[in-house]
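A.B. asks: Here is my input, please return the structure:
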Amino acid sequence: MLRQDFELLQTTEITLENSEIAIVIRPDLGGRIDRLFDKRTEHDWIWHPPQYDPTQSRAIELGESFDRHWTGGWDEIFPNDAEGEFQGRQLVDHGEFWSQSWNVLEQGQSSLKLGLTCQTVPVKVEKTIRIENAQVELCYTFQNLSDQPVSFLFKQHAAIAIESGDEIILPKCDIEPAFLEFSRIIGQPGKTKFPTAIDKNGEVVWLDRTPARSQLQEFYYSSGLAIGQCGVRNPRSRSTLMMNFNLNEFPYVWIFQSYGGWNDYYVLVMEPCTTMPYDLEIAERNGTIATLDPYQIQYRQLKVKLERD
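C.D. replies: Okay, here's the model as predicted:
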């Protein structure tokens, strides 16, 4: 059963649900979606590691290690991925959103608005999560509070609970390894057309199905998407989690996969993103970075639909 018992849990767990779906949101854990449950198929789409205890909250200092504290869920990453100095600002590991407690601004039966003012960049953010039928709508407002431009990376970081044989869905696009030294499926640098790549022996490999648990791991960028869409289909439940977005807002999709090779986790992280690659200096030089002009307000939206056969 989904619960909303604040005294027992000592968290700010908030549940939005209707006859089709239920989602659990954790303002105390970066405002992330902690559960996305399909009531019709009884499929739980969000992954957490075995040691995760949802009854516990946490307090994390800005600048802590993301990987050390990661417990799955559907995070968002802003204004950067890799820590370091950029545009005269010291940015922290995987940005600010994931580690900070968000303020609840408005709450309704089918919607929730959260807010956060960043510390490493002069940006104020509001996020509205709204459910209707079998769809979750995520709407974001970014406001630059300064007279200087702020270039950034913003991406979804949705940890999907996968099973062997699930289908990875991308439109026609180019893919390339994010870090070839991390890859254990792709073995050559450069771009290929999804769903194929080249392994270290020069053989064609297919990337559109999740393999059984092993020591494999992979991480690739996709660009040049034909349409703004990505997702995962689970044949057992005969259902699909599909993300839809405007390519002007999320022109890239990063896909991180651990099939047992990284920390013994079996998970896929789907990441529609504004920017490529992770290094903001390179992205700025390549013109593949997002920017907030002085005092500008930007809006971005992503819709998540649970589809059934």
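A.B. asks: who's in contact with the closest residue to Leu216 other than its chain neighbours?
C.D. replies: What sits nearest to Leu216 in space, not counting adjacent residues and going by C-beta to C-beta, 6 or more residues apart in numbering, is Tyr259, at 4.3 Å. C-betas here are computed from N, CA, C, even on glycine. Shown in contact with Tyr259 (C-beta atoms under 8 Å, 6 or more residues apart in numbering): Thr210, Pro211, Ala212, Arg213, Ser214, Gln215, Leu216, Gln217, Glu218, Tyr266.
A.B. asks: and those, which are buried?
C.D. replies: Buried members of these, scored by 16 or more other C-beta atoms under 10 Å, are Thr210, Leu216, Gln217, Glu218, Tyr266.
A.B. asks: Now render these as a markdown table, adding pLDDT, distance to Arg184 and secondary structure.
C.D. replies: A markdown table is the format used below for these (pLDDT from 0 to 100; distance: C-beta to C-beta, whole Å; DSSP: H, G, I helix; E, B strand; the rest coil):
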| residue | pLDDT | distance to Arg184 | secondary structure |
| --- | --- | --- | --- |
| Thr210 | 98 | 14 | coil |
| Leu216 | 98 | 5 | coil |
| Gln217 | 98 | 5 | strand |
| Glu218 | 98 | 7 | strand |
| Tyr266 | 98 | 14 | strand |
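A.B. asks: what's the closest of these to Ile21?
C.D. replies: Ile21 lies nearest to Thr210 out of the buried ones among the contacts of Tyr259, by C-beta to C-beta, at 22.8 Å.
A.B. asks: Strands of the stretch 151-300 of the chain, start to end?
C.D. replies: Under the criterion DSSP state E, counting those that start in this stretch, the stretch 151-300 of the chain contains strands at 155-160, 167-169, 174-177, 192-193, 196-198, 204-206, 217-223, 229-234, 239-245, 252-259, 266-273, 290-292, 297-308.
A.B. asks: Return the list of helices and strands in contact with the fifth one.
C.D. replies: Contacting strand 196-198 under the criterion 3 or more C-beta pairs under 8 Å, 6 or more residues apart in numbering; DSSP states H and E are the following elements: strand 204-206.
A.B. asks: The strand it packs on pairs with which strands?
C.D. replies: Sheet pairing here is set by DSSP bridges, and for strand 204-206 it gives strand 196-198 (antiparallel).
A.B. asks: tell me which residues of the strand it pairs with are tucked away?
C.D. replies: By neighbour count with 16+ other C-beta under 10 Å, strand 196-198 contains the buried residues Ala197.
A.B. asks: which outside residues touch it?
C.D. replies: Residues outside strand 196-198 that contact it (C-beta under 8 Å, 6+ apart): Ile175, Pro177, Ile185, Ile186, Gly187, Gln188, Thr192, Val204, Val205, Trp206, Leu207, Tyr220.
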